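Student: predicted structure and sequence below. I'll ask about it afterward.
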Amino acid sequence: MKQFKIVVEKHPDTYVAYPLGLKGVVVGQGDTYEAALADVKSAIKFHIETFGPEQIDIDPPILEAFIAEAGVSV
């Protein structure tokens, strides 16, 4: 079993989840945190089964993930 860091975002009407350390775009969503997490886990499995284990791009491994907020002048 491979462990992934997964970011789960809460939006006004849904939750969106995506893994860190995979090549390509893998996203899950759901009405609850648990539903989004289950959906993205299914999407990760499908992605690796479809495109192969070389899609796992964790070298060096991600030890921790942080969320930061920063203002940017545009």
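Tutor: Yep, it's here.
Student: residues near Asp59, how many?
Tutor: 7 (other CB atoms under 10 Å). For the C-beta atoms, the positions are set from N, CA and C on the backbone; glycine is no exception.
Student: need the three-state assignment for it.
Tutor: Of the three states, Asp59 takes coil under DSSP: H, G, I helix; E, B strand; the rest coil.
Student: now it: how far from Lys23?
Tutor: Plainly put, Asp59 is 12 Å away from Lys23 if you go by CB to CB, to the nearest Å.
Student: next: Lys45.
Tutor: According to CB to CB, Lys45 stands 15 Å off from Lys23.
Student: confirm for me that Val26 is in contact with Leu20.
Tutor: No - if you go by CB atoms under 8 Å, Val26 and Leu20 don't touch, sitting 10.2 Å apart.
Student: which one's more surrounded, the two?
Tutor: The neighbour count for Val26 versus Leu20, taken as other CB under 10 Å, is higher for Val26 (21 against 12).
Student: report the contact partners of the more buried one.
Tutor: 18-19, 40, 43-44, 47 (CB atoms under 8 Å, 6 or more residues apart in numbering).
Student: closest to Met1 out of the residues you listed?
Tutor: Nearest to Met1 among the contacts of Val26 is Ile44, at 11.5 Å by CB to CB.
Student: distance-wise, check the closest one relative to Val8.
Tutor: With CB to CB as the criterion, Ile44 and Val8 are 13 Å apart.
Student: please say which of the two ends up with more neighbours.
Tutor: Higher neighbour count among Ile44 and Val8: Ile44, with 21 against 16, using other CB under 10 Å.
Student: and the host helix or strand of the more buried one, C-alpha only, in CSV?
Tutor: Using DSSP states H and E, Ile44 maps to helix 33-51. What follows is helix 33-51, C-alpha atoms only, in CSV (Å, rounded to 0.1, in the frame of the first residue of the first chain):
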residue,chain,number,x,y,z
TYR,A,33,-14.8,15.6,3.3
GLU,A,34,-15.1,11.8,3.5
ALA,A,35,-16.8,11.5,0.1
ALA,A,36,-14.1,13.7,-1.6
LEU,A,37,-11.3,11.6,0.1
ALA,A,38,-13.0,8.3,-1.1
ASP,A,39,-13.4,9.7,-4.6
VAL,A,40,-9.8,10.8,-4.9
LYS,A,41,-8.5,7.5,-3.6
SER,A,42,-10.5,5.7,-6.3
ALA,A,43,-9.1,8.2,-8.9
ILE,A,44,-5.5,7.5,-7.7
LYS,A,45,-6.0,3.8,-8.1
PHE,A,46,-7.6,4.2,-11.5
HIS,A,47,-4.8,6.5,-12.6
ILE,A,48,-2.0,4.2,-11.6
GLU,A,49,-3.8,1.1,-13.1
THR,A,50,-4.3,3.0,-16.3
PHE,A,51,-1.0,4.7,-16.8
